[in-house]
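> Kindly return the folded structure for what I paste below:
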Amino acid sequence: MSGETGNFAQMVIQNSVVANGLCTGCGACVDLCPYQKNYRDKTVVLFPCDREDGRCLQFCPRYDTDLDALRNALFAPEDLTPEIGAIKAFYVTRATDPEIRTKAQHGGTVTALVKLAIEEKLIDAAVMSGQDTKSTLLPQGVGVDSAADVADYSKSRFVATPTIAQFNRLAKTGVEKIGVVATPCQATALAKMRLKKFSENTNNIDRLKLVIGLFCGWAFSWKELCEVLKRHVELDQIVAMDIPPSKYHCLEVQTADKNVTISLDEIRSCVRESCDYCADMTAEFSDISVGSARLEEGWQEAKNWNQVVVRTEAGMNLMALARERKILEFREVPENNLGNLKRASMGKKRTAVKNLVAKSGNAQDLVYLHAGDSVLCDLIPR
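Residues are numbered from 1 along each chain as shown. Model (predicted):
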């Protein structure tokens with residue numbers, strides 16, 4: 001691993017992750033101890049820590065992450081694919097309830113599943129992304145324990161949410177069964193927590209019962225995004241944002257009375273540097289992963305549906321319950337969808353490996369990932 005400086009865990013995190021442009025803002029190192037906090041889209045140190053090994057190092061998704069170990073520990077070997085991880089089933093779905101679809105991003109599948117999981121007491125509360133009441137467009141993690149409130153937290157934020165920090169806080173309160181809606185980096189952090197390298201359950205990871213992952217191409221830095229958006233709309237008037245397929249090359253911004261499109265050429269500078277080094281597009285370490293659909297009818301129809309990858313028995317059971325209760329509508333999966341998704345995902349892995357090699361200057365040093373990884377080793381430039 002490159003860039004390790006300093007003897008203490010906190011110093012390594014600050015030097016090898018934060019200062020090295022790798023921090024995803026996931027919150028895994030926050031609220032396990034009083035030393036670090038998330039503040040206005042940044043991970044900041046409040047007090048120095050002298051632990052030589054700590055949970056901040058163990059759980060950070062951008063420090064010494066053995067993807068093979070995570071895959072082998074969490075998934076059935078026969079389900080694993082090199083492109084998008086474990087697959088037990090692949091669907092195109094949307095929420096049956098039109099009110100959920102109206103409030104939610106795309107087909108509302110995530111909202112419908114979280115609502116169902118709470119109603120059926122599979123989880124007592126879900127960690128989702130809400131908005132900081134003091135800072136426009138700045139997301140914050142929230143714990144939702146009422147099925148009726150789930151739809152209020154169903155829009156995509158496109159700015160990193162310190163979701164795992166909220167899991168850490170919620171788990172300390174004694175909530176027994178917790179679900180998390182997670183981006184790929186957040187799901188990776190939870191997967192590392194599940195390996196429990198500490199003898200005691202100090203991270204309360206046994207309370208984690210469900211992870212619903214979100215497909216993710218990138219996340220924006222909050223401050224930079226706000227500066228660009230202000231040139232086009234009043235920030236407090238924004239009600240939703242979306243990124244259509246790549247051929248549209250834009251960010252769509254919706255206010256109460258108009259829709260604005262902003263070229264990705266203008267918005268690309270807002271992407272977090274850490275996203276350039278992400279090799280996971282489909283949240284591979286989730287029970288269920290959900291993204292926007294691709295359909296032959298085109299984007300206007302496709303944006304009302306979701307693609308769903310089911311990865312675990314827990315995920316299969318929830319999807320079966322959703323079908324039985326008619327919570328989700330299922331439509332036939334277009335013939336090329338899974339293949340196209342695999343190709344796009346592998347493209348992201350290839351780009352991440354290329355960028356990591358460029359950062360380290362050594363083809364055998366993938367910075368935070370292992371060069372001998374069974375999937376990534378074949379993508380290293382020769």
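
> I figured Ala240 hits Phe158, correct?
No - using CB atoms under 8 Å, Ala240 is not in contact with Phe158; the gap is 10.3 Å. From N, CA and C alone the C-beta is placed, and that goes for glycine too.

> So between those two, which is more surrounded?
Phe158 (21 against 13; other CB atoms under 10 Å).

> Quick check: phi and psi on the more buried one?
phi 70, psi 10 (degrees, to the nearest 10).

> And the one 10 residues further on, by the same measure?
With angles defined as degrees, to the nearest 10, Asn168 shows backbone torsions of phi -60, psi -40.

> Quick check: phi and psi on the closest residue to it other than its chain neighbours?
Using CB to CB, 6 or more residues apart in numbering and skipping the chain neighbours, the partner closest in space to Asn168 is Asp31 (4.1 Å). Dihedral pair for Asp31: phi 70, psi 20, per degrees, to the nearest 10.

> So for Asp31, what's the pLDDT?
At Asp31, the model reports a pLDDT of 80.

> Check the one 3 residues further on too.
pLDDT, Pro34: 77.

> Quick check, it in contact with Leu46.
Yes - judged on CB under 8 Å, Pro34 makes contact with Leu46 at a distance of 6.8 Å.

> Show me the shaky parts of the stretch 201-350 of the chain.
201 (pLDDT under 70).

> the helices in it, which residues?
For the stretch 201-350 of the chain, applying DSSP state H, counting those that start in this stretch gives helices covering 222-229, 264-267, 299-302, 313-324, 337-360.

> Quick check: which of those helices is nearest to Leu379?
helix 337-360 (4.4 Å; CB to CB).

> and that closest one, which residues are buried?
For helix 337-360, burial by neighbour count (16 or more other CB atoms under 10 Å) applies to 337-338, 341-342, 344-346, 348-350, 352-353, 355-357, 359-360.

> Quick check, Ala73 in contact with Arg194.
Yes - between Ala73 and Arg194 a contact is recorded at 7.4 Å, counting by CB under 8 Å.

> Neighbour count for the two, which is higher?
Neighbours per residue (other CB under 10 Å) separate Ala73 from Arg194, with Arg194 holding more: 17 against 12.

> Next, the contact list for that one, please.
Contacts for Arg194 (CB atoms under 8 Å, 6 or more residues apart in numbering) come out as Ala73, Leu74, Ile205, Leu208.

> with those in mind, which one is nearest to Arg268?
In terms of CB to CB, no member of the contacts of Arg194 lies closer to Arg268 than Leu74, at 33.3 Å.

> ok, now which ones touch the closest one?
Ala86, Ala191, Arg194, Phe285, Thr312.

> One more: Met319?
Ala89, Tyr91, Leu113, Ile288, Val308, Val310, Leu328.

> let's see 10 Å
For Met319, the contacting residues are 88-89, 91, 93, 109, 113, 116, 287-288, 308, 310, 327-328, 330, by CB atoms under 10 Å, 6 or more residues apart in numbering.

> Any chance of these in CSV with neighbour count and distance to Phe8 as columns?
Shown next, in CSV, are the contacts of Met319 (neighbours: other CB atoms under 10 Å; distance: CB to CB, whole Å):
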residue, neighbour count, distance to Phe8
Lys88, 18, 42
Ala89, 15, 45
Tyr91, 23, 46
Thr93, 25, 47
Thr109, 31, 43
Leu113, 31, 41
Leu116, 21, 44
Asp287, 27, 35
Ile288, 26, 38
Val308, 27, 42
Val310, 24, 41
Ile327, 22, 48
Leu328, 23, 48
Phe330, 14, 51
